[in-house]
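[1] sequence and predicted structure below; questions after.
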Amino acid sequence: MTRTIGCRIICGGLILLMLGGCERKREPEPGSQTAPDSLMVQAGMLLNKGVEYYNQGYYLKAIDAYRQALAQYGDFPEAHYNMGLAFRKMNQIDSAIVCYGKALALKNDYPQALNNLAFIYLQYRPDLVQALPLARRAVMLRPLNPDFLDTYARILFGMGEVDSACAVLERAIFVSENPAEMKARLEVYKSVK
């Protein structure tokens, strides 16, 4: 039942995005001296402030800054993506899913959003069928990213595709700067063969 509610929330959010559009503010308010470029600069500053709050562990303040950035400039994927990160840190997984979905609605080739959403469907809302195409697309966009390869390998392993999971994880180990955890996981995968 929770999964159905979550799906309805996601679908509802995506429908609102499609109906409402995803446009940046193009014109300043009548009588305002603010040019559209300065709106982008202000939104960027708010986005950076949100990242600072996030890095300090102030996730609610980060979310507030991202929302202000969105209000200032209109929809842009980075703000939704970063908001998704903050919601995930606060274990508000449904909200994180909605934010990653909004980021992908605005930029369907956003590899970090694809990977993080795939990881949520792997780890927090187990749905490997939904996770697989997201992870596969993230890896297609960034084939040398060890984190994306690791997520993809975990999903393949969960689906029983052990040989494929091992091959992908070996690639992740090869390109990773710190592969110790992946090497241990690979040994587990190989022991299942």
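    Alright, I've got the coordinates. Only a predicted model underlies this, so the values are computations on that prediction, with no experimental measurement involved.

[2] show the pLDDT at Val41.
    In this model, Val41 is scored at 84, pLDDT.

[3] okay, and the residue nearest the centre of the chain sits in which element?
    By CA atoms, centre = their mean, the chain has its centre lying nearest to Ala113, at 2.6 Å. In the assignment (DSSP states H and E), Ala113 maps to helix 111-123.

[4] got a list of contacts for stretch 164-177?
    139, 144-147, 149-150, 152-154, 156-157, 179, 182-183, 185-186, 189-190, 193 (CB atoms under 8 Å, 6 or more residues apart in numbering). In short, each C-beta sits where N, CA and C put it, glycine included.

[5] report the distance from it to the chain centre.
    21 Å (CA atoms, centre = their mean, to the nearest Å).

[6] buried residues in that stretch, which are they?
    Ala165, Cys166, Val168, Leu169, Glu170, Arg171, Ala172, Ile173, Ser176 (16 or more other CB atoms under 10 Å).

[7] repeat for stretch 138-151
    Buried residues in stretch 138-151 (16+ other CB under 10 Å): Ala138, Val139, Arg142, Asn145, Pro146, Asp147, Phe148, Leu149, Asp150, Thr151.

[8] what of stretch 41-55?
    Ala43, Gly44, Leu46, Leu47, Lys49, Gly50, Val51, Tyr53, Tyr54.

[9] equivalent analysis for stretch 67-86, please.
    68-70, 72-86.

[10] Asn91 and Tyr124, how far apart?
    As defined by CB to CB, to the nearest Å, Asn91 lies at a distance of 8 Å from Tyr124.

[11] ditto for Arg88
    8 Å.

[12] for stretch 121-134, which outside residues touch it?
    3, 6, 93, 97, 114-115, 117-120, 135, 151, 154-156, 158-159.

[13] of these, buried ones?
    For the contacts of stretch 121-134, buried by 16+ other CB under 10 Å: 6, 93, 97, 114-115, 117-120, 135, 151, 154-156.

[14] from the residues you listed, which one has the minimum pLDDT?
    Least confident of the buried ones among the contacts of stretch 121-134 in the model: Gly6, at 37.

[15] next SSE after the lowest-mean-pLDDT helix or strand in the chain?
    One helix or strand of the chain scores below all others by mean pLDDT, DSSP states H and E: helix 2-20, with a mean of 35. From helix 2-20 onward toward the C-terminus, using DSSP H and E, the following helix or strand is helix 36-55.
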